[in-house]
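[1] Sharing a model prediction with you, sequence too.
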Amino acid sequence: MTSAVLTPSRREPSPPGWGSAFHSTLGRGSALGLGLAMTWFSLLVLIPLSAIVVTAGTNGWGQYADTLGNAQTWAAIRLTVGQALMVTVMNVAMGTVIAWVLVRDRFWGKRALDVVIDIPFALPTIVAGLVLLGLYGKGGPLGLEWANTTKAVWLALAFVTLPFVVRTVQPVLEELEHDVEEAAASLGASPLTTFRRVVLPSLLPAIAAGAALSFARAISEYGSLVLLSGNLPFRTEVVSVRVLTFIENGNNASAAALATIMLAVALFVIVVLDILQRRVARRG
């Protein structure tokens, strides 16, 4: 009779979430840093946002219905969201092109252009509105006279959101290896096919992140629109101006309700773009 030799069986590590306990890697210093960061974030963001939601909910859901039922408020929401979406689409296209030129091409004045791209970040928005009014207002050198029109809203939003897609796509382009593109070209792929099948999938997560930032910034813009758009009800009045009107009239509940609605719109767009970004990143 032969005796069987018992060997210890190898246990495969179970994937996270399949019965295995989650082990935190935070040390004492990191835990303290996380606590301070969350406290600071709560003071700056979470608590003020909670206060707005509480103020908006003072009169229940009826407050939201009354705010959205107001024709002037609804017109401001349509204008703001519509123009923000148009500007975001334009920024996705033009921002990617500008980032490509700054990374892949060499030309005189490249460094100056790279610096100028950040001007909308540094320039006070009311100053931007004054500059745009001088160029596109009545009697301006360009002869367009876009002031007090919906074109003025689009122009102001395009100015303040221009850098977002450029600055999110540019670092990704700088890190991309040229070997894959050269291999695709050696296999007979055209430059357009190489960009569409090789380069673009790598850029999509960055483009989505820049688009989310661009949209969120556009729907909250105020300073550059004060002088340029004229704030005409049912024509050029945006949500931020409408919120200020509610506050000046002492209707803080309606102002908070409108602010909460726009916050929900921004979060919805950001979450959708984030889901798209993650799916593309996983496939890549």
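    The structure has been received and is ready for your questions. A quick note: this is a predicted structure, and the numbers were derived from the prediction, not measured.

[2] which outside residues touch the helix or strand L204 falls within?
    Using DSSP states H and E, L204 maps to helix 200-218. Helix 200-218 is contacted by residues 80, 83-85, 87-88, 91-92, 95-96, 157, 160-161, 164-169, 171-173, 176, 266, 269-270, 273-274, 276-278, 280-281, 283-284 when judged by C-beta atoms under 8 Å, 6 or more residues apart in numbering. To be clear about C-beta, it is placed using only N, CA and C from the backbone, and glycine gets the same treatment.

[3] Local confidence estimate at the residue nearest the centre of the chain?
    What sits nearest the mean C-alpha location of the chain, by C-alpha atoms, centre = their mean, is L213, with 1.4 Å. Note for L213: predicted pLDDT of 91.

[4] before we move on, the earlier item: work out the gap between the helix holding L204 and the centre of the chain.
    Centre-to-centre, helix 200-218 and its host chain are 7 Å apart (C-alpha atoms, centre = their mean, to the nearest Å).

[5] start at 45 instead
    Okay, residue one is now 45; in that scheme the one you just asked about reads as helix 244-262.

[6] Next secondary structure after it?
    Sequence-wise, the next helix or strand downstream of helix 244-262 (DSSP H and E) is helix 267-272.

[7] Pull the residues that contact that following helix.
    Outside helix 267-272, the residues that touch it by C-beta under 8 Å, 6+ apart are 168-170, 172-174, 176-177, 180-181, 190-191, 196-197, 199-201, 203-204, 275, 280, 282, 284-285.

[8] Give me the mean pLDDT for it.
    Rounded mean pLDDT across helix 267-272 is 87.

[9] got it, and stretch 228-248?
    79.

[10] Could you give the separation of it from the chain centroid?
    26 Å.

[11] May I see the buried residues of that stretch?
    A228, A233, T238, V242, V243, S246, L247, L248 (16 or more other C-beta atoms under 10 Å).

[12] and if you look at stretch 106-121?
    For stretch 106-121, by 16+ other C-beta under 10 Å, it's Q107, Y108, T111, N114, T117, A120, I121.

[13] same thing with stretch 76-89?
    Residues of stretch 76-89 classed as buried: none (neighbour count, 16+ other C-beta under 10 Å).

[14] hey, where'd the helices end up in the stretch 95-244 of the chain?
    105-113, 115-148, 154-160, 163-166, 169-180, 194-219, 222-230, 235-238, 244-262 (DSSP state H, counting those that start in this stretch).

[15] Can you name every helix or strand that the fourth one contacts?
    In terms of contacts (3 or more C-beta pairs under 8 Å, 6 or more residues apart in numbering; DSSP states H and E), helix 163-166 is packed against helix 194-219.

[16] In contact with the nearest residue to V224 once chain neighbours are set aside, which residues?
    Distances taken as C-beta to C-beta, 6 or more residues apart in numbering place V242 nearest to V224, at 5.5 Å, with adjacent residues excluded. Each residue near V242 by C-beta under 8 Å, 6+ apart is listed here: V224, E225, A228, A233.

[17] same check, this time on T194
    Taking C-beta under 8 Å, 6+ apart, we find T194 in contact with L123, Q127, R279, T280.

[18] Could you double-check that the first one sits in contact with P277?
    No - in terms of C-beta atoms under 8 Å, L123 does not count as a neighbour of P277; the distance is 10.6 Å.
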